[in-house]
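1. Would you be able to build a 3D model of this:
(4 chains)
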2 protein chains.
Amino acid sequence: MRILVVEDDAILAEGTCESLSKAGYAVDLAETGTRANAMIEAGSYDLVLLDIGLPGMDGFEVLRRLRKHNRNIPVLIISARDDIDFRVYGLDLGADDFMLKPFVLAELHARTRALLRRHALSERNTLSCGELLIDLGAQRAHVDGEPLELSIREWDVLVYLLRNQGKVVRKEAIVETLCDWKTDITLNAVEVYISRLRSKLDSHGVHIRTVRGFGYLLEEPAE
Amino acid sequence: MRILVVEDDAILAEGTCESLSKAGYAVDLAETGTRANAMIEAGSYDLVLLDIGLPGMDGFEVLRRLRKHNRNIPVLIISARDDIDFRVYGLDLGADDFMLKPFVLAELHARTRALLRRHALSERNTLSCGELLIDLGAQRAHVDGEPLELSIREWDVLVYLLRNQGKVVRKEAIVETLCDWKTDITLNAVEVYISRLRSKLDSHGVHIRTVRGFGYLLEEPAE
DNA sequence: CTCTAGCTGACAGAAAGCTGACTATTGAGT
DNA sequence: ACTCAATAGTCAGCTTTCTGTCAGCTAGAG
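-> Predicted coordinates:
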């Protein structure tokens, strides 16, 4: 269970990290917002403890950027400002919980456990095919170790293909998974998604095969 | 078709069960998560309607335990919380569909039907003949372990032959299975399909015998 | 040997799929 | 409120692949 602590106050950071480490979590520390974003991009964390009052890029900005890509990582905001507006603002931006400074370590642990349990990332859920790796928990995809930029639609289609790896998937089925029951999307749209996915995946050796008259097939990494 | 409804709200539960019963399903009710898990273990259900907001063991936990053992049962999650995170989370855990309360019964029925249909289709049923193996669920054919490229027509004819393995199949019957009603295809077309199939299968020891004046015969793996 | 059912290569028209371009929409940033 | 950028979905034209027919050929029954 990996936790990223984003905190500029050295003393508070040390206390927090140490306490969490002792509790058995793998803890990393980021002292600035910029660094925090970089680390979140690079590593896959199960929880982010985010101090709002950071020098430079502030916590809200970090959160906003984080939510752009990793929609699912739980974020616990820590703020010195006893201001209900910040609380609302933070939750609007997609924070999962909010804690005021000063706090006792027991509360930190309780909230940490609660968040992790709620998100149950203990059962990290990944799908893969050859050099393609998808982390459902963090909602991120990688090929050849490089992060892959996917729009929501592309993501959904790819996940569906991966879940049905080795099976031929009909376009109708893809449409159904996209818009749960109101099927007002053309089948051609699926062709477009596939086309866009291919342009991102083909060069990495992940091929979506067309099975004429049936649909598409993501073959197992047979080579 | 047996459905297990997991719902603690007595009124909602009754309405749901009654409606599904009337639609011809055999419906059982579980009021708690613990009971739900026990019943799933014991009985063989074709679908589970799972409310997330349960007292005691919550829906996610039920789902997690269920997936540990009976991975294939389709699960439709029902949640009062209008929260995309729950949706993603539930789907991550292996739910097959997601519905928000309040819902109209028509939607419930539509989703139920869709899930049962989809599941029935994905059941792995296979046909085989010697080294030839056909997976109807995945819509894939293999010979000698190698995937076999077939067009729709070839696929249909081959499936028909396999379904009538050991029997002589008349060309007229094949034409009928192809174009359900408009039989404006020449019998010669069947000869062409067979010819094309043979060129793909012969080298793998799968022989379609001609029975002069009658039709074709796919012999059982005599060897 | 003859006759006929069946085989199969070739082909043209049809169908299915691909993709660049375009429009509408959304959402962030100012 | 406005702008800019990214995304979603449609469309149209193009490419690829399949289909069904034909015609000439093969081969089995008598």
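2. With DNA strand C as the reference, measure out to residue A:185.
-> Taking C-beta to the nearest atom of the strand, to the nearest Å as the measure, residue A:185 falls 13 Å from DNA strand C. In this view, the C-beta of every residue, glycine as well, is placed from N, C-alpha and C.
3. pLDDT score assigned to that residue?
-> Residue A:185 is assigned 79 on the pLDDT scale.
4. Report whether it is found in a strand, as I expect.
-> No. With DSSP: H, G, I helix; E, B strand; the rest coil as the criterion, residue A:185 is assigned coil and is not in a strand.
5. so how far is DNA strand D from it?
-> From residue A:185 to DNA strand D the distance is 5 Å (C-beta to the nearest atom of the strand).
6. Count the residues that sit near that residue.
-> For residue A:185, the count of nearby residues is 16 (other C-beta atoms under 10 Å in any protein chain shown).
7. Spell out which residues belonging to chain A are near DNA strand C, please.
-> A:64, A:171, A:187-188, A:191-192, A:194-195, A:198-199, A:210-215 (C-beta under 7 Å from any atom of the strand).
8. What's the PyMOL line that selects buried ones from these?
-> Buried subset of the residues of chain A next to DNA strand C, written as a PyMOL selection, criterion 16 or more other C-beta atoms under 10 Å in any protein chain shown:
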select buried, chain A and resi 171+194+211+214+215
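9. Cross the residues of chain A next to DNA strand C against helices and list the overlap.
-> Secondary structure defined by DSSP state H assigns A:64, A:171, A:187, A:188, A:191, A:192, A:194, A:195, A:198, A:199 of the residues of chain A next to DNA strand C to helices.
10. hmm, stretch A:145-156 touching DNA strand D?
-> Yes. Contact of stretch A:145-156 with DNA strand D (C-beta under 7 Å from any atom of the strand) involves A:149, A:151, A:152, A:153, A:154.
11. Can you name the residues that contact the second one?
-> I take that to be residue A:151. Shown in contact with residue A:151 (C-beta atoms under 8 Å, 6 or more residues apart in numbering or on different chains): residue A:196.
12. about what we covered before: among the residues of stretch A:145-156 next to DNA strand D, name the buried ones.
-> A:153, A:154.
13. Identify those among the residues of stretch A:145-156 next to DNA strand D that sit within strands.
-> Using DSSP state E, no member of these sits in strands.
14. ok, residues contacting stretch A:202-211?
-> Residues from elsewhere that reach stretch A:202-211, judged by C-beta under 8 Å, 6+ apart: A:129-132, A:143-144, A:161, A:168, A:194, A:197-198, A:201, A:216-219, B:139.
15. Three-state assignment for residue A:13, please.
-> What three-state DSSP gives for residue A:13 is helix.
16. Which helix or strand lies directly C-terminal to the lowest-mean-pLDDT helix or strand in chain A?
-> Sorting the helices and strands of chain A by mean pLDDT, DSSP states H and E puts helix A:84-92 at the bottom, at a mean of 60. Toward the C-terminal end, the helix or strand that comes next after helix A:84-92 (DSSP states H and E) is strand A:97-100.
17. what are the ranges of the helices in chain A?
-> For chain A, helices defined by DSSP H occupy the ranges A:10-22, A:33-42, A:59-69, A:84-92, A:105-119, A:152-163, A:171-178, A:187-201.
18. Domain-wise, how is chain A divided?
-> A:2-123, A:126-218 (automatic domain parsing).
19. DNA strand D contacts on chain A?
-> A:149, A:151-154, A:178-179, A:184-186, A:188-189, A:192, A:212-213.
20. What is the neighbour count of residue A:146?
-> The number of residues near residue A:146, taken as other C-beta under 10 Å, comes to 10.
21. if I look at it, how far off is residue B:200?
-> 39 Å (C-beta to C-beta, to the nearest Å).
22. if we can go back for a sec, so for the residues of chain A next to DNA strand D, which is the shakiest by pLDDT?
-> Within the set of these, pLDDT is lowest for residue A:179 (63).
23. got any ranges where chain A has weak pLDDT?
-> Applying pLDDT under 70 to chain A flags residues A:42-43, A:68-72, A:81-94, A:117-125, A:137, A:179-183, A:221-223.
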